[in-house]
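[1] how would this look folded up:
(4 chains)
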2 protein chains.
Amino acid sequence: MANRTVQDWEDAALASIAEHGLASLSIPRLARTLGVTKGSFYWHFTSLQELIEKSLRRWDERDRTALEEVRQIEDPRKRLAALFEQAMERTEAHGLYVALSASTIPYAAPVIRRISNRRLKFLIESYVEAGLNAPEARAQALLAYTAYVGALYLRLSRKQDLSDYVAHAMKTLIPPRPRAR
Amino acid sequence: MANRTVQDWEDAALASIAEHGLASLSIPRLARTLGVTKGSFYWHFTSLQELIEKSLRRWDERDRTALEEVRQIEDPRKRLAALFEQAMERTEAHGLYVALSASTIPYAAPVIRRISNRRLKFLIESYVEAGLNAPEARAQALLAYTAYVGALYLRLSRKQDLSDYVAHAMKTLIPPRPRAR
DNA sequence: ACCTGAACACCGTTCAAGT
DNA sequence: ACCTGAACACCGTTCAAGT
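    Residues are numbered from 1 along each chain as shown, chains lettered A, B, ... in the order given. Model prediction:
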């Protein structure tokens, strides 16, 4: 078989973290998945830490492009709605967010911060475009974002359908359509 | 020195998890903290898993009594406000919630579910008392709870003061005082 | 009744040796 | 250039032996 690339290892790591959690990430496991020996890992990476760091950078990049797509939607209210609905898909990304935002590995915090900053900024801008003034938009964006993150975690311990929740959250958190003038 | 008790080990475990995360929990570490050898651990517990299970049960119990205290407040709006403010204190409990709700250990999920069910039920009852009808109260409680959990996680990656956030959340999520009749 | 200390399996890491 | 396989330290677990 062809040799493994750095990207192969990174993708396998992200998938494993998203599904089994960070604690279950192990070099022998990944090696078995990829069909090689654990020793070969150290030709591509200097340590498990480096693998995680590089994988996180990859995830960060993916999140950035995912946001860019939603940004194409012109109507700010529809854009917000799309963001809320996206919040219930993209399960690997959510698995990663959930698995890592509580982790105590030192380089996880900056990545989480960068991702949440980017999404908060996006929310604030959309709220401003939807007619809120700056402090209102900021406060509302923060509330919406925390509700989003909280919902990710809630979904973890209960299988219940959250579509009613999303509907209510959108009603509460998306500003009314401005009146025509 | 006197011998260690089961409770000593449980308390040490909860404190360690809350502060350093679940991944850093290690029997040699705890043993060193308690001034004994790791071998002695296995006189009190059959496995690390059992220690975690029993510790989680202990935490569950603590959360229950913490809720009971807030329940004493008669005015439902003030009770909700107290709950929101408590949400920014009790740091060990929050550290535990954060460290465990994403964990893949099998007995963590039921405990998290029990705790969140209890707090959701409490919120729903308070919202009903504050004048909302049943479905409104349920939806609003769910939104409030997810915002609360999300705020715990957001606080992790940014040191920023969240008191403005709490003020806005309370304004948005606590129903208006009913008019006197 | 509670603890020590040695033993073993598993994972992270290193590295000489293979192709 | 990429991988194997043996080696070593660390942690979870067991257990005979100490007090």
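[2] how about the residues of chain A that lie near DNA strand D?
    Contacts of chain A with DNA strand D, taken as CB under 7 Å from any atom of the strand, map to A:Asn3, A:Arg4, A:Thr5, A:Ala31, A:Val36, A:Thr37, A:Gly39, A:Ser40, A:Tyr42, A:Trp43, A:His44. Every residue, glycine included, has its C-beta placed from N, CA and C.
[3] With adjacent residues omitted, what lies nearest to the fourth one?
    When you say that, I think you mean A:Ala31. Leaving out its chain neighbours, the residue that sits closest to A:Ala31 by CB to CB, 6 or more residues apart in numbering or on different chains is A:Lys38, at 4.4 Å.
[4] From DNA strand C, how far off is the one you found?
    5 Å (CB to the nearest atom of the strand, to the nearest Å).
[5] What is the burial count for that residue?
    A:Lys38 sits with 13 neighbouring residues when counted by other CB atoms under 10 Å in any protein chain shown.
[6] got the contact list for it?
    By CB atoms under 8 Å, 6 or more residues apart in numbering or on different chains, A:Lys38 lies in contact with A:Ile27, A:Pro28, A:Ala31.
[7] Point out where chain A drops to low pLDDT.
    Residues of chain A meeting the criterion pLDDT under 70: A:1, A:179-181.
[8] where exactly do the strands run in it?
    Counting by DSSP state E, chain A has no strands at all.
[9] Near DNA strand C, which residues of it? Just list them.
    Going by CB under 7 Å from any atom of the strand, the residues of chain A near DNA strand C are A:25-29, A:38-39, A:41-42, A:46-49.
[10] Most widely separated two among the residues you listed?
    A:Arg29 and A:Thr46 (19.1 Å; CB to CB).
[11] okay, those two: which has more neighbours?
    A:Arg29 (14 against 10).
[12] Go through stretch A:168-181 and flag the buried ones.
    Across stretch A:168-181, burial judged by 16 or more other CB atoms under 10 Å in any protein chain shown covers A:His168, A:Ala169, A:Met170, A:Thr172, A:Leu173, A:Ile174, A:Pro175.
[13] Next up, the contacts around the fifth one.
    I take that to be A:Leu173. So A:Leu173 contacts A:Leu80, A:Phe84, A:Gln140, A:Leu143, A:Ala144, A:Ala147 (CB under 8 Å, 6+ apart).
[14] Check the gap between the last one and B:Thr146 for me.
    In this structure, A:Ala147 and B:Thr146 are separated by 5 Å, where distance is defined by CB to CB, to the nearest Å.
[15] any residues in contact with both of those two?
    What both A:Ala147 and B:Thr146 touch, as defined by CB under 8 Å, 6+ apart, is the set A:Ala169.
[16] a markdown table please, covering the contacts of A:Leu173 and showing neighbour count.
    Listed next are those as a markdown table, based on neighbours: other CB atoms under 10 Å in any protein chain shown:
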| residue | neighbour count |
| --- | --- |
| A:Leu80 | 25 |
| A:Phe84 | 19 |
| A:Gln140 | 23 |
| A:Leu143 | 24 |
| A:Ala144 | 27 |
| A:Ala147 | 28 |
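[17] Tell me the residues of chain A that contact chain B?
    When proximity is defined by CB under 8 Å from any CB of the partner chain, chain A lies next to chain B at A:20-24, A:98-99, A:101-105, A:109-110, A:112-113, A:116, A:139-140, A:142-143, A:145-151, A:153-154, A:156-158, A:164-165, A:168-169, A:172.
[18] tally of neighbours for the closest residue to A:Leu123 other than its chain neighbours?
    Residue nearest to A:Leu123 in three dimensions, not counting chain neighbours: A:Ala141, with 3.6 Å by CB to CB, 6+ apart. The number of residues packed near A:Ala141 is 23, by other CB under 10 Å.
[19] Identify the residues contacting A:Ala141.
    Here A:Ala141 is in contact with A:Leu120, A:Leu123, A:Ile124, A:Ser126, A:Tyr127 (criterion: CB under 8 Å, 6+ apart).
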